[in-house]
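Novice: Compute the structure for the input listed below.
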Amino acid sequence: MRPPKAIFFDLDDTLIRAYGRPVEAWTRFLTPLTEILSGHPVETARDAILTYSRAFWSDGGRHKEWRQKLSEARRHCVREGLASLGITEEAVIHRIADGFTAEREAAIELFPGAVDTLEALRARGIRLALVTNGAAAPQRAKVRRFALERHFDHIQIEGEVGYGKPEDAAYHALLKALDVAPGEAWIVGDNLEWEVAAPQRHGIFAVWHDSEGDGLPAGTTVRPDRVIRAVPEVLQGW
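Specialist: Sure thing, here's the model as predicted:
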């Protein structure tokens, strides 16, 4: 396999374990809170929140707007989801939404081998960029929290530059910043639209990080150029 001149890495659930496995995460979080669920089982409350959340985030325009204010978005989804069960007390909504946000943020960690992989790539002369959607402050805080700045030639945060994946401008900016042609670049990420389908349309080689080993969703027409289960697998084969 021909090595790339540059690799663009996604952040959340690619280099850091951030928001995966929401069913398990919500189950763990809600289990100690049964006394405020008005008699509803944990599974019922969890499913109400997740059903509304999935519908809410499925709209691309809404996603672009609200990922800039994730805490407010989570309050909204919890509020609307639990309203279907008759749970409407704002104090309960805030305790659940804000508590879940705090727990998820505290649990964020680097995937095993992520930093070693970045260092190995730089040693091979590969130019590296970090590209992430979301608001400027929280995403920049994650970069600093894990001391990632030193590994990248370019860091592109949606909230700082005004555009994000899957907008054409995001990929054009990455190519320009690292001074490479599309056929000389790879992108690595967990989102099948943002890091596979969209960059492929620009001629960028797309590596899908399937960290949980779930495989491609049933019915998807998206086909990654390569699938990895762990970040260090990027180094294999070239």
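Novice: Going by C-alpha atoms from here, please, whenever you check contacts or count neighbours.
Specialist: Will do.
Novice: And the next helix or strand past the lengthiest helix in the chain?
Specialist: Secondary structure assigned by DSSP state H gives helix 90-107 as the longest helix of the chain. Next helix or strand after helix 90-107 toward the C-terminus (DSSP states H and E): strand 109-110.
Novice: what packs against the least confident helix or strand in the chain by mean pLDDT?
Specialist: Using mean pLDDT, DSSP states H and E, helix 60-66 stands out as the lowest-scoring helix or strand of the chain, at a mean of 86. Applying 3 or more Cα pairs under 8 Å, 6 or more residues apart in numbering; DSSP states H and E, one finds that helix 60-66 contacts helix 42-57.
Novice: Residues contacting the helix it packs on, please?
Specialist: With Cα atoms under 8 Å, 6 or more residues apart in numbering as the test, helix 42-57 has contacts from 23, 26-27, 30-31, 34, 37, 62-63, 77-78, 80-82, 84-85.
Novice: closest to Gly237 among these?
Specialist: Distances from Gly237 to the contacts of helix 42-57, taken as Cα to Cα, are shortest for Val23 (34.7 Å).
Novice: Would you verify that that closest one is located in a strand?
Specialist: No. Checked against DSSP: H, G, I helix; E, B strand; the rest coil, Val23 lies outside a strand; its state is helix.
Novice: Mind jotting down where the helices sit in the protein?
Specialist: 22-30, 42-57, 60-66, 70-83, 90-107, 114-123, 136-145, 158-161, 168-178, 198-201.
Novice: how about these in CSV, adding distance to Pro4?
Specialist: Shown next, in CSV, are these (distance: least, Cα to Cα, whole Å):
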stretch, distance to Pro4
helix 22-30, 34
helix 42-57, 33
helix 60-66, 30
helix 70-83, 34
helix 90-107, 33
helix 114-123, 10
helix 136-145, 24
helix 158-161, 24
helix 168-178, 12
helix 198-201, 15
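Novice: Take those helices and write them to TSV, including distance to Gly215 and mean neighbour count.
Specialist: Conversion of the helices of the chain to TSV gives the following (distance: least, Cα to Cα, whole Å; neighbours: other Cα atoms under 10 Å):
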stretch	distance to Gly215	mean neighbour count
helix 22-30	17	15
helix 42-57	19	17
helix 60-66	23	13
helix 70-83	27	20
helix 90-107	24	15
helix 114-123	21	16
helix 136-145	27	15
helix 158-161	28	17
helix 168-178	25	17
helix 198-201	19	19
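Novice: Of the ones you listed, which is nearest Leu235?
Specialist: Using Cα to Cα, the nearest of those to Leu235 is helix 114-123, at 7.3 Å.
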